[in-house]
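Novice: here is my input, please return the structure:
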Amino acid sequence: MMTIFDLSARQATLTFLLSAAFRQVFPGSKLIVEHSFTDGYFCHRDDWSPITQQDADGLELVMRQWLADTTPIESVLLSKNDILKIFTHKQLVNKTAMIRRWPSEDVPMIRFGDIVDYQMEPMCLDKSQLSQFQLMPYDHGMLIRFPSILNPDRVMPFHDYPQLFEFIEEYEQWGSILHIESIAQLNDHVDTGTIRELVWVAEGLHEKKIAKIADSIGENFPKKRIVFVAGPSASGKTTFAKRLSIQLRVNGFTTRHISMDDYFIDRDDIPVDEHGNQDFESFEVLNNVLLTDRLGALLKGNAIPERRFDFVSGTGQDTHKTIQLSEKDIVIVEGIHGLNPRLTQSLGVNQVSKIYVSAMTQLNVDGDHRFSTSDNRLLRRIVRDFKFRHYTPEDTFARWNSIRQGEVTHIFPYQEEADYFFNSALIYELPVLAKIVLPLLNDVDEKFHLIEQVNRVKLLLSFFLPLDENVVPGISLLREFIGKSEFDYS
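Specialist: Presented below is the predicted three-dimensional model:
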């Protein structure tokens, strides 16, 4: 069965070939692989000049010619000194910085003819598995599109998410303004002690965004009294909801909180898929009829019982406490399915506000290598699972493919349904997470069946100068994962 890890290996190799083809077709110009978007990666020229359909067609032609010839794609080991000479000669500053911090003297490299780059993750060396991709101009750059976990054998028709793209680009521009676009630049701030100012600015940006959303929600009151907060795993939805409540209180409102997790059906009733596994990310896990009935009752002025799901017994039940809205109350409903039209339309779209929260990492390793948004969330989840759920890193890695598949199926298709977008990523968080996660991963048994993925993450984290968690403010979203938050999550 195809996994998200298999697809990532193919994507990594195709991105390597794309960067090489760009340098050949447009000598003197450089392609920046910026961030993930829809079913691929958004890329642009280093000078932001437009990429046309003719440009994309020419690049795709070169890539397909390479895939059709007999030159192999190889994984080789080269010495640090030899690579430093190559990268220094080519004036590749960020790549040189990465090689200097490489944890071994021999560096795994990907090679195609005389084209080489360091290999930071498992890559697909079988050309026959790389034929499915598409290049297309988008906005001021280009997309390289891939098959998905749901359709692993072909690239599906393009589905645009213009609001999401605008949201991601805003944060990319913010990183450019701060001159923090790569790991090397972030390390400089950790090394020189100027990281605290970045912490304050990053947290200040979060507060400003949350306040702006709260202002807009207040303007729509009382027409819209229900706010859905949705997003993928480890996005910080719970802390975002708590901080949104604070800003709403500043504006004169009070809030009532409901977690969708408390409206799960009993664990024994969760249906299984064709492989016999229960899909905990599925919309069917939610007792949406009961939830929407009770939200409707609240809007009519009625009291409803508080509900709690016991994750030990796997059952949900009502408590003796009740919820009823006062004159200035706003209901905040937090859970992964908050953007699903099957939920929101039953209440009436004009009565709800929808917020999409995700950690859209704006940091690159270098121009050819992005730091994956999903890796950022994986790190958060490893820490939270270990500290608060008694799961080992092996447990988290073993579940990650299923979680990602659930996101692709049940969350990402509805991103454009959101009224507001919030990026929970913090530009300084990866050095903090690196200091906590690396010791945990060093203890993983080498016989673990996903050890290749564990080693990939270890390598990524080794490039960060560690940052002590004491720099993280008590109400930061990051505290939801590393602990010692000033909020109560019970």
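
Novice: buried sites along the helix or strand where residue 320 lies?
Specialist: Assessed by DSSP states H and E, residue 320 sits inside strand 315-323. The neighbour-count check on strand 315-323 (16 or more other C-beta atoms under 10 Å) flags 316, 323 as buried. Just so you know, the C-beta spots here come from the backbone N, C-alpha and C atoms, and that holds for glycine as well.

Novice: now do that strand: distance to the chain's middle.
Specialist: Distance of strand 315-323 from the chain centroid (C-alpha atoms, centre = their mean, to the nearest Å) equals 33 Å.

Novice: and it, what does it pack onto?
Specialist: Judged by 3 or more C-beta pairs under 8 Å, 6 or more residues apart in numbering; DSSP states H and E, strand 315-323 is in contact with strand 304-310.

Novice: show me which positions of the strand it packs on end up buried.
Specialist: Within strand 304-310, judged by 16+ other C-beta under 10 Å, the buried ones are 304, 307, 309.

Novice: contacting residues around residue 382?
Specialist: 393, 396, 437, 440 (C-beta atoms under 8 Å, 6 or more residues apart in numbering).

Novice: if you set the cut-off to 6 Å instead, what comes out?
Specialist: Contacts for residue 382 (C-beta atoms under 6 Å, 6 or more residues apart in numbering) come out as 393, 396, 437.

Novice: where do the strands sit along the stretch 51-200 of the chain?
Specialist: Remark: strands assigned in the stretch 51-200 of the chain by DSSP state E, counting those that start in this stretch are 73-79, 106-112, 115-118, 134-138, 141-145.

Novice: repeat for the stretch 201-350 of the chain
Specialist: 226-230, 254-259, 304-310, 315-323, 329-334.

Novice: so which of those is nearest residue 198?
Specialist: strand 226-230 (26.4 Å; C-beta to C-beta).

Novice: what's in contact with the closest one?
Specialist: 237, 241, 331-334, 338-339, 352-356.

Novice: ok, of the contacts of residue 382, which come out buried?
Specialist: For the contacts of residue 382, buried by 16+ other C-beta under 10 Å: 393, 396, 437.

Novice: distance of the last one from residue 383?
Specialist: Going back to what we said before, that points to residue 437. 6 Å (C-beta to C-beta, to the nearest Å).

Novice: ok, the second one next?
Specialist: Separation of residue 396 from residue 383 (C-beta to C-beta): 9 Å.

Novice: same question, residue 412
Specialist: 24 Å.

Novice: where does pLDDT dip in the chain?
Specialist: When residues are selected by pLDDT under 70, those of the chain lie in 1, 171-177, 273-276.

Novice: list the contacts of the residue nearest the centre of it.
Specialist: By C-alpha atoms, centre = their mean, the mean C-alpha position of the chain lies nearest to residue 373, the distance being 3.2 Å. Counting by C-beta under 6 Å, 6+ apart, residue 373 makes contact with 36, 360-361.

Novice: and if we set it to 8 Å?
Specialist: 35-36, 358-361, 425.

Novice: next one: residue 484
Specialist: Counted by C-beta under 8 Å, 6+ apart, residue 484 has contacts 469, 474.

Novice: from residue 307, how far out is it?
Specialist: Residue 484 is 29 Å from residue 307, by C-beta to C-beta.

Novice: check the secondary structure at residue 28 for me.
Specialist: Assigned with DSSP: H, G, I helix; E, B strand; the rest coil, residue 28 falls in the coil class.

Novice: nearest spatial neighbour of residue 485, chain-adjacent residues omitted?
Specialist: residue 479 (3.6 Å; C-beta to C-beta, 6 or more residues apart in numbering).

Novice: same thing with residue 88?
Specialist: Nearest to residue 88 is residue 96, by C-beta to C-beta, 6+ apart, at 5.8 Å.

Novice: report how many residues lie close to that neighbour.
Specialist: 17 (other C-beta atoms under 10 Å).

Novice: centre of the chain versus stretch 141-149, how much separation?
Specialist: For stretch 141-149, the distance to the chain centre is 16 Å (C-alpha atoms, centre = their mean).

Novice: want to throw the contacts of residue 373 into JSON lines with distance to residue 446?
Specialist: Putting these into JSON lines (distance: C-beta to C-beta, whole Å) gives the following:
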{"residue": "35", "distance to residue 446": "33"}
{"residue": "36", "distance to residue 446": "30"}
{"residue": "358", "distance to residue 446": "33"}
{"residue": "359", "distance to residue 446": "30"}
{"residue": "360", "distance to residue 446": "33"}
{"residue": "361", "distance to residue 446": "28"}
{"residue": "425", "distance to residue 446": "31"}
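
Novice: against residue 159, how distant is residue 82?
Specialist: 44 Å.

Novice: the more surrounded of the two?
Specialist: Here residue 82 and residue 159 are compared on neighbour count by other C-beta under 10 Å; more neighbours surround residue 82, at 14 against 9.

Novice: from residue 369, how far off is the more buried one?
Specialist: 20 Å.

Novice: looking at the buried residues of strand 304-310, spot the one nearest residue 145.
Specialist: residue 309 (38.5 Å).

Novice: is the closest one in contact with residue 335, as I believe?
Specialist: No - the pair residue 309 / residue 335 is not scored as a contact, 11.2 Å apart, by C-beta atoms under 8 Å.
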